[in-house]
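**Q** Got a predicted structure plus its sequence, pasted below:
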Amino acid sequence: MTGFDAIDDLLASARQERPLPPAAERRSLREGLALSRAQLAAALGVSTSTVAGWESGRDPSGETREKYGYFLDGAKAKLAPLPEAVEQPAVSASTYTYTSTSTSTSASEPGPALGPEAGEEEGEDVDVLTVAEPCVLCGEPARHRVAGLAQHLDPAECHPLPDPAPASAEPAQSSTSRPAPARGPAPTASSRLDRRTPGNGHPVGVKATGRRARAVDEPGFIAAKVAAALAQHEGDMEAATAALVKQAIPDAMELLDRTRIGGRYDVVAHPALPEILHKQSAHGADQIWEARPKWTRPALPQGQWEVTALDINGAYLSALKTHLPLGQLEHSTGFAHDRRRAGVHLITPPAWDHDADLPNPLGARDEPGPLWVTEPTLRLLQRLSGPKYGLCEAPEIHESYTSGSTENLLEKFRTELREARDRAIAEADEVTLEYVKAMYSKFVSTMGASNYNRELYRPDWMHLIRSQAFANLWMKALKAHENGLTVVRAMGTDELHVIGDWRGVFPEGRAVTEVKIKDTYTLGTTITDDERGDHDA
């Protein structure tokens, strides 16, 4: 092959991106057809905020660019004036066909389980009901009872019954006044199908929810909020993002209410709390220890090491899946721990002899003696003391404040946020991404005594969710250690520094089940020949 042939092959394989008209023309073409951004977004499989970004000057890429360019070319052709001699064809009713869309749901990502290992006693704490009872979370019949509370064990089965169809506003006609139907052609198979399917005009999105299917709200609560903010600020993404972040707390509470429709337990109730959960002073804290890690490895072998600081994605979002007490906390004493309940516990922590390699599961605490910890911290310590790990002794429990619990209380709320986050990442929609992040982070941080959220006062839940995030990070540090990585630092909810081939241990990306690089740096010094000779001598 000559050099010219190679160039010809290269030019033939090169793909030229479809040119797009200026941003202002894109919007005018859409509006010229009287189409909303939501309609165009649904056709292209993107969010309305993504379309708004394109009409503000941002360009799509790949297959999405081809589809958007195809729409713009078609819109331009449709809006072009027709010659007077061209006669418009009549539109027949038979040209309208019924279509349906189906949206599949991915399985909820498994969070780091901090309950018992497979085969341990968790299943023995669940009572199987011979007669179904209403689920405390959604009100539908459930076949299991946990701590005296009927509930679904599978979050996918836990959803409210659909609202009954509203009665028709038209008054019923009497048989004497009803006009006789006009005799027409026999119904076709297509028309018979139309009678059996809902919404002959606008297609209805459908997604699976447990054993049932449910309609998908288009464009959805989060997408509608983003679209409204962009419209209000005329496509200015920075202004829209600032407005959405400012509204994150009330919007999160509204979303929580929507995901709780049909539930039998009022999550906004404010039960009386024990004194240990009240602040000790106006600007002080209560007595609960959350086990926040702040650990740095004390020493490394001599040499030069490349360290990667990993960022754990959506730490608080993942931590929304944790055992939360449903009712008022009840006091108990003694060493026994009921895994069907959740709350806070006064414990004497076990000794920790692995500071050289791993952080203490209790976090950066210097004071010795008993302390109040949350359910996630207690379960983590119990797990590490079990036969699988054997890293410490079991903690000694002195007293507890607990109530019957469930892991699924915030599951639908968490799923809505996670799915919106995933879509925003796939579509490079930074407006929605920042909005969703503000919703779940501020929701957790204002759940206690806060002037910004007067609707929900559950400081016990706030402590439990934060502690779950810390425990999840600790388990990632353990996973790194067990797979041959050197753990250098563990900080807060989402920062893990390691040495070694971390990509062989953790998947890289922006999803909540993945990690991304926050920083890379070098530790240590290179050994000189003189130092090596002195060492050998």
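**A** Structure's in. What do you need?
**Q** domain ranges for the protein?
**A** Domain assignment for the chain by automatic domain parsing gives 16-79, 100-105+124-161+202-216, 275-524.
**Q** pLDDT (mean, whole number) over the second one?
**A** Put plainly, it is domain 100-105+124-161+202-216. Domain 100-105+124-161+202-216 comes out with an average pLDDT of 59.
**Q** mind listing what's buried in the longest helix along the chain?
**A** Using DSSP state H to define each element, the chain has its longest helix at helix 459-482. Counting neighbours by 16 or more other CB atoms under 10 Å, one finds that the buried residues in helix 459-482 are 459-478, 480-481. For every residue, glycine as well, the C-beta is placed using N, CA and C.
**Q** how about the domains of the chain in JSON lines, adding distance to Asp5?
**A** Shown next, in JSON lines, are the domains of the chain (distance: least, CB to CB, whole Å):
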{"stretch": "domain 16-79", "distance to Asp5": "21"}
{"stretch": "domain 100-105+124-161+202-216", "distance to Asp5": "46"}
{"stretch": "domain 275-524", "distance to Asp5": "38"}
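**Q** Need the winner for burial among these.
**A** Of all those, domain 275-524 carries the top mean neighbour count, a mean of 18, counting by mean count of other CB atoms under 10 Å.
**Q** and the end-to-end length of that one?
**A** The first residue of domain 275-524 is 49 Å away from its last residue (CA to CA, to the nearest Å).
**Q** Flag the shaky bits of the stretch 351-500 of the chain, pLDDT-wise.
**A** For the stretch 351-500 of the chain, applying pLDDT under 70 flags no range at all.
**Q** now the helices for it?
**A** With DSSP state H, counting those that start in this stretch, the ranges of helices along the stretch 351-500 of the chain come out as 375-385, 411-426, 430-445, 459-482.
**Q** how much space between the most centrally placed residue in the chain and Val512?
**A** For the chain, the residue sitting closest to the mean C-alpha position, by CA atoms, centre = their mean, is Arg418 at 2.1 Å. From Arg418 across to Val512, the span is 6 Å (CB to CB, to the nearest Å).
**Q** Same question for Gln247.
**A** 23 Å.
**Q** Please, where are all the helices along the stretch 201-350 of the chain?
**A** 221-232, 237-246, 248-259, 315-319.
**Q** could you dump those to TSV with distance to Leu362?
**A** Shown next, in TSV, are those (distance: least, CB to CB, whole Å):
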stretch	distance to Leu362
helix 221-232	37
helix 237-246	34
helix 248-259	30
helix 315-319	17
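**Q** Determine which of those helices approaches Thr446 most closely.
**A** Closest approach to Thr446 among those (CB to CB): helix 248-259, 5.8 Å.
**Q** got the buried residues for that closest one?
**A** Of the residues in helix 248-259, 248-249, 251-253, 255-256, 259 count as buried by neighbour count, 16+ other CB under 10 Å.
**Q** Need these in a markdown table (columns: distance to Gly404 and pLDDT).
**A** Formatted as a markdown table, the buried residues of helix 248-259 follow (distance: CB to CB, whole Å; pLDDT from 0 to 100):
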| residue | distance to Gly404 | pLDDT |
| --- | --- | --- |
| Ala248 | 31 | 96 |
| Ile249 | 28 | 94 |
| Asp251 | 30 | 95 |
| Ala252 | 25 | 95 |
| Met253 | 24 | 92 |
| Leu255 | 25 | 93 |
| Leu256 | 20 | 92 |
| Thr259 | 21 | 87 |
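**Q** Which of the residues you listed sits closest to Ala6?
**A** Ala248 (55.2 Å).
**Q** Leaving out sequence neighbours, find the closest residue to that closest one.
**A** Ala438 (3.8 Å; CB to CB, 6 or more residues apart in numbering).
**Q** Return the distance of that neighbour relative to Tyr70.
**A** Taking CB to CB, one finds Ala438 at 35 Å from Tyr70.
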